[in-house]
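Asks: curious how this folds, go ahead:
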Amino acid sequence: MENRTEQMRKIKDEIVAAKDSPLYGYRIKNKYFPVIGEGRYSAKIMFIGEAPGRNEAETGRPFCGASGRILDELLASIGIDRKEVYITNIVKDRPPENCDPNPNEIEFYAPFLDRQIEIIKPEVIATLGRFSMAYIMKKFGLESELKSISIIHGKVFSAATSYGNVKIIPLYHPAVAVYGTNKEILKKDFKALSGLIGQ
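Replies: Numbers count the residues shown, from 1 in each chain. Have a look, this model is predicted:
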């Protein structure tokens, strides 16, 4: 059986070559990279954001701009090294003008995310933002629990997967702290996240 590294490489190769992607032309025109994900392939915590921004698309790395600095700070606040987690997005290419991901973009890229979840088998999935929250909650049969992110951020949900149980915790996207939302709310939610490991 293929190991995790080989499986992830296959996903990367498929995305790089995906000419049928709704964002392929935009990527090529701007000489951007797809952003597959970064971190430990056996991570206990998997963070799922929405779509790469310009910094991410220029480097091929997730959360490497202002949002990434806040994410690093939040991880440090609970004593977790970024290298210990896996960070990715639903949409693997940058949408034009940093637009919210649209349904056909999510539909195209979500199967790659589903495969990444199966490869990593995280104990905890932390969604960053409302689009990843909605996708993951629906994917794992929690649609009836789905409310506005302002209501359910920091709450913990349990779901069954093909490899065992997983805890899902919706979090605000770190970008909200860049634009003025209280960082202390994010820190409090991250404390809830830190309590889930090894439960």
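
Asks: okay, now the unreliable bits of the chain?
Replies: 1, 180-181, 198-199 (pLDDT under 70).

Asks: after the lengthiest strand in the chain comes which helix or strand?
Replies: Longest strand in the chain, counting residues (DSSP state E): strand 164-171. Following strand 164-171 in sequence order, the next helix or strand is helix 175-178 (DSSP states H and E).

Asks: what sits against Ile78?
Replies: Phe190, Lys191, Leu193, Ser194 (C-beta atoms under 8 Å, 6 or more residues apart in numbering). Bear in mind the C-beta positions are built from the backbone N, C-alpha and C, glycine included.

Asks: using CSV, write out every CA atom in stretch 56-66.
Replies: The C-alpha trace of stretch 56-66 is given here as CSV (Å, rounded to 0.1, in the frame of the first residue of the first chain):
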residue,chain,number,x,y,z
GLU,A,56,-0.1,31.8,-0.4
ALA,A,57,-0.5,31.5,-4.2
GLU,A,58,2.9,33.2,-4.8
THR,A,59,4.7,30.7,-2.4
GLY,A,60,2.5,27.6,-2.6
ARG,A,61,2.3,27.6,1.3
PRO,A,62,-0.9,27.9,3.3
PHE,A,63,-1.3,30.7,5.8
CYS,A,64,2.0,32.4,5.2
GLY,A,65,0.8,36.1,5.3
ALA,A,66,-0.8,38.2,8.0
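
Asks: now do the buried residues in that stretch.
Replies: Neighbour counts over stretch 56-66 (16 or more other C-beta atoms under 10 Å) mark Glu56, Ala57, Glu58, Arg61, Pro62, Phe63, Cys64, Gly65 as buried.

Asks: one more: stretch 76-87?
Replies: For stretch 76-87, by 16+ other C-beta under 10 Å, it's Ile80, Arg82, Val85, Tyr86, Ile87.

Asks: I'd say the last one and Phe47 touch.
Replies: Yes - with the criterion set as C-beta atoms under 8 Å, Ile87 and Phe47 qualify as a contacting pair; they are 4.6 Å apart.

Asks: okay, and the common contacts of these two?
Replies: Common neighbours of Ile87 and Phe47 (C-beta under 8 Å, 6+ apart) are Phe63, Leu71.

Asks: who are the packing partners of the biggest helix by length in the chain?
Replies: Ranked by residue count and defined by DSSP state H, the top helix of the chain is helix 103-120. Packing partners of helix 103-120 (3 or more C-beta pairs under 8 Å, 6 or more residues apart in numbering; DSSP states H and E): helix 4-16, strand 45-49, strand 86-89, helix 130-139.

Asks: thanks a lot, catch you later.
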